[in-house]
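S.K.: curious how this folds, go ahead:
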Amino acid sequence: MTLQTPDPREAQNPTGRISSPPDGMSGRSGPASLGRELTALGILTAFRRRWVPALAVGIPAALLATALVWEFIPASFQSVAILKIEQNDPKLINNNSGGRETDFQFYRESQKNYMLSRQVITAALRNPQVAECPTLKPITHPVDWLMGKLKTDDTISPEFLKVVLEGQHPRDLAVILNAVKDAYLEQAVFMSKNAKIDELRRLEERFDEINKRVVAAQDRIDKLAENLGTGDSKTAIIQQNLIQDNLDDLSKTLREVNSRIRAEEAARASLTQQGVLPNQINADGLMGLGGDMAQAAEPNIANNPALALQRELIVLRMRISQFASQIRNPDHPDLKNMKSQEQQILVALGGGNPAVPGAIPVSRMDYLTRQRDQLAADIEQQKERLTEFNSRTIELEAEKRKIETDIKLRDDLRVTKDQRSIELYAPDRISVVQDANIPEEPEVKKKTQLALLSGMAALGCIVCGFTLVEWLSYRIGAATDISGEAGLRLVGTIPSPDRGGLLGLGIFAGQVDYDEWNRAVTESMDVVRTFLMRHIDPARSASILIAGASANEGKTTVSCQLAASLARTGKRVALVDCDFRRPSAHLMVEGQQGPGLSEFLRGEKSLDEIRQQTQAPGLSFIGAGQVDQRVLQLLAVDGGRNLIQQLKARFDFVIIDTSPLLFVAEPSMIAQNADIVLLATRKDYSRVQYVIQARDSLRSLQVPLLGAIMVGADSDFQRQTYGYQQEVVRMVQ
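M.R.: Model (predicted):
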């Protein structure tokens, strides 16, 4: 009888044994040697495996940490002072409450920082009462200590600033906090007042400077106005026009006088040609002011040679009257000049009229000559006055324009200065709402929070520690890990009776129906049996060794269930317990531990004497017996080959349960003589790296490793049964 090996790789295996790795995984060492990514699912799975011991250790540790913190950390007292910061700087004039929020926030933050500054705290520590506080005596650097202890809080309201100090001495807390508050207010208010006073002083200095400029400019304007005879621009223009008109009149009169002089000279030349002597012309009075020659020389003046002077006198008096009504100064030079001209005309008129007593006879030629000279002098004088008047008028306007800006600035400064003077008496922006109180009861809220936080931290650390250790252990978590992580063929699974409960943690788990679970296990092992029968020649006996990488991985469970499943097919099956260190198969089949293999190997018993019949038809059990060192030495001679051959001669199938493969040498020796080797693994227990190590160890020995069986692979065993087994049982009955 030979083993059926449909695997094509059998031709390359001279031993004819079955190769277990699936296609593409023959050389895989598994990801355990390469490391793996830390994922939330992996952490949750690790916690699910170890939540019971983690909480069993973590909860007492958390309670202990909470109690220790509560006991050894004393509750502190808390003293509070409350200040109010106005949104805007209070003003007595034009108090506008629409200040920007950002400006207020900046001001509030700056004041909070200033209150906790070294300058304020140093000033507070100069207080004699503070220096006597027992709280500060053992402290080497009280300023730094207070800077770290003082806290500010504005959560109650943006305008209300709460200053908090915690400690063990209630009275000291109130004294220190009030000293800090007073030092802050004193310096803050003092600085604010000084800033306002400095601003007012600068405004006054600026006002005095500009006022001096205005006064000096006003003096210059007054002098110019006095010289001009008026300070009004419109009046100055009128006076300028009057001077210009007077100048025009004088020029016109000068032209008329020159015309008369030329006429007089022509008349005199005509008389001289007629033989009249010049002294006779003046002596007879014909050529005087009333002579006929004057009438002949001036035919436009009818029979009255003095008419022209009278007309000039009338026009001059009208000008004098008009000019006098427009000026306020009776001693004005122009007015005096016009009155002088009036006197000259009067003298001229009186000198030609003998009826005027005391009149001095004046010839017409002399009068016209003197009048011409006087008019020429008056014209030059008026021109000079007009030029000077224009210059002073321009200078006056320039001074007025220059002084307007200074006057406006001075007036604005006066208003601002007066407002600042009044604002010195405005309320302070920062005021005290509540002085620091002496706390009567300790503040336990923070102590409670700290104790609870310590307990939660202890619980979290322990749970995280268990979870991390479990994650680092890298256990088989699903059936896919057998082929994906360990690189083995999954032959079959045995379901677990655990229903999982909430989140798979076993919480609120339902009651397990063990009859149903047993039926599910039976179905699962029948699936494994079907797979094995595909790889075994039915005409030949076969030995199947069930190995495990470490203890408690379900080797015995798999061995007993597989033996029972093979016996149900009518075959003769022997279940051999080769776990000499910790035999336990006899408990599952309700047999005896000995006499067994140990007695057979020592020659004390025969196979018939150690063979035990079980309740299952066709299933025999051979226990481990009383093992000693001689038994192990005899087993090491041929690796149990003779024993296996004798058993195969009596039974169709020999199921061998062994010790952990990585702990002792017996499984490796026996496996070299077995026809098929199955590796038992347990979900959430077997470590991937141990399974890989056991796999590589068996492969190095050229053992026919068919694959692996997972114990506890699926808690939902209802999917394994479908209710099929129940129907079969009813039909048999």
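
S.K.: spell out the secondary structure type for residue 558.
M.R.: Residue 558 carries the three-state label helix when classified by DSSP: H, G, I helix; E, B strand; the rest coil.

S.K.: what sits against it?
M.R.: Contact analysis of residue 558 by C-beta atoms under 8 Å, 6 or more residues apart in numbering lists 494, 546, 678, 680, 709, 711. Every C-beta, even on glycine, is put in place using the N, C-alpha and C of the backbone.

S.K.: correct me if wrong: the last one contacts residue 681.
M.R.: Pointing back at residue 711 there. Yes: at 7.0 Å, residue 711 counts as touching residue 681 under the criterion of C-beta atoms under 8 Å.

S.K.: with neighbour numbers in mind, choose between the two.
M.R.: Legend: neighbour count by other C-beta atoms under 10 Å for residue 711 and residue 681, higher for residue 681 (33 against 25).

S.K.: who's in contact with that one?
M.R.: Going by C-beta under 8 Å, 6+ apart, residue 681 touches 476, 482, 486, 548, 549, 553, 554, 691, 708, 709, 710, 711.

S.K.: count of neighbours near the closest residue to the first one other than its chain neighbours?
M.R.: This points to residue 476. Nearest residue to residue 476, sequence neighbours excluded (C-beta to C-beta, 6 or more residues apart in numbering): residue 686, at 4.6 Å. Residues within reach of residue 686, counting by other C-beta under 10 Å, total 30.

S.K.: residue contacts, residue 686?
M.R.: For residue 686, the contact set (C-beta under 8 Å, 6+ apart) comprises 475, 476, 548, 549, 550, 553.

S.K.: can you name the residues bridging to the first one?
M.R.: Read it as residue 475. residue 687 (DSSP bridges).

S.K.: looking at it, it is touching residue 689, isn't it?
M.R.: No: Residue 475 is beyond contact range of residue 689, at 9.7 Å (criterion: C-beta under 8 Å).

S.K.: for the residue nearest to residue 490 when sequence neighbours are not counted, phi and psi?
M.R.: Among residues not flanking residue 490 along the chain, residue 482 sits closest, at 4.4 Å (C-beta to C-beta, 6+ apart). Backbone torsions for residue 482, taken as degrees, to the nearest 10, come to phi -60, psi -50.

S.K.: over to the one 10 residues further on?
M.R.: Backbone geometry at residue 492, expressed as degrees, to the nearest 10, gives phi -180, psi 180.

S.K.: skip the chain neighbours and tell me the closest residue to it.
M.R.: Spatial nearest neighbour of residue 492, chain neighbours left out: residue 528 (3.4 Å); criterion: C-beta to C-beta, 6+ apart.

S.K.: go on, residue 417?
M.R.: Nearest residue to residue 417, sequence neighbours excluded (C-beta to C-beta, 6+ apart): residue 203, at 4.6 Å.

S.K.: where does the one you found land in three-state SS?
M.R.: Strictly by three-state DSSP, residue 203 counts as helix.

S.K.: shift numbering so it begins at 24
M.R.: Renumbered: residue one is now 24, and that last one reads residue 226.

S.K.: if we can go back for a sec, how near is the residue nearest to residue 499 to residue 730?
M.R.: According to C-beta to C-beta, to the nearest Å, residue 709 stands 14 Å off from residue 730.

S.K.: likewise for residue 462?
M.R.: 74 Å.

S.K.: wait, residue 623 touches residue 634, no?
M.R.: No: in this structure, residue 623 is not within contact of residue 634 by C-beta under 8 Å, at 9.8 Å.

S.K.: between the two, which is the more surrounded one?
M.R.: In this view residue 623 and residue 634 are compared by other C-beta under 10 Å, and residue 623 has more residues nearby, 21 against 18.

S.K.: and that one, what element?
M.R.: Per DSSP states H and E, residue 623 falls inside helix 620-624.

S.K.: tell me the pLDDT at residue 557?
M.R.: The confidence metric pLDDT takes the value 83 at residue 557.

S.K.: what number of residues lie near it?
M.R.: Using other C-beta under 10 Å, residue 557 has 9 other residues around it.

S.K.: same check on residue 391?
M.R.: A count of neighbours around residue 391, defined by other C-beta under 10 Å, yields 21.

S.K.: run a quick neighbour tally on residue 148.
M.R.: As a burial measure, residue 148 scores 18 neighbours (other C-beta under 10 Å).

S.K.: returning to what we had before: any chance of the contacts of residue 581 in TSV, with secondary structure too?
M.R.: Output for these, formatted as TSV (three-state DSSP):
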residue	secondary structure
517	strand
569	strand
701	strand
703	strand
732	strand
734	strand
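
S.K.: from those, which is closest to residue 420?
M.R.: residue 734 (116.4 Å; C-beta to C-beta).

S.K.: ok, that closest one to residue 505 distance?
M.R.: 12 Å.

S.K.: and what of residue 726?
M.R.: To residue 505, residue 726 is 18 Å away according to C-beta to C-beta.

S.K.: cool, and residue 235?
M.R.: 105 Å.

S.K.: more neighbours, the two?
M.R.: Set residue 235 next to residue 505 and count neighbours by other C-beta under 10 Å: residue 505 wins out with 27 against 12.

S.K.: that one: what's it in contact with?
M.R.: For residue 505, the contacting residues are 499, 511, 512, 513, 704, 730, 731, 733, by C-beta under 8 Å, 6+ apart.

S.K.: strands - which of the residues you listed land there?
M.R.: Counting by DSSP state E, the contacts of residue 505 place 513, 704, 730, 731, 733 in strands.

S.K.: surely the first one touches residue 730?
M.R.: Yes: Residue 513 sits in contact with residue 730 when judged by C-beta under 8 Å, with a separation of 6.2 Å.

S.K.: which of those two has more neighbours?
M.R.: Shown here are residue 513 and residue 730; by other C-beta under 10 Å, residue 730 has more neighbours (23 against 20).

S.K.: tell me the phi and psi of residue 685?
M.R.: Main-chain dihedrals, residue 685, degrees, to the nearest 10: phi -90, psi -10.

S.K.: burial count for it?
M.R.: Using other C-beta under 10 Å, the number of residues around residue 685 comes to 17.

S.K.: pretty sure it sits against residue 714.
M.R.: No: Residue 685 lies out of contact with residue 714 (C-beta under 8 Å); the separation is 9.8 Å.

S.K.: give the residues shared as contacts by the two.
M.R.: Common contact partners of residue 685 and residue 714 (C-beta under 8 Å, 6+ apart): residue 572.
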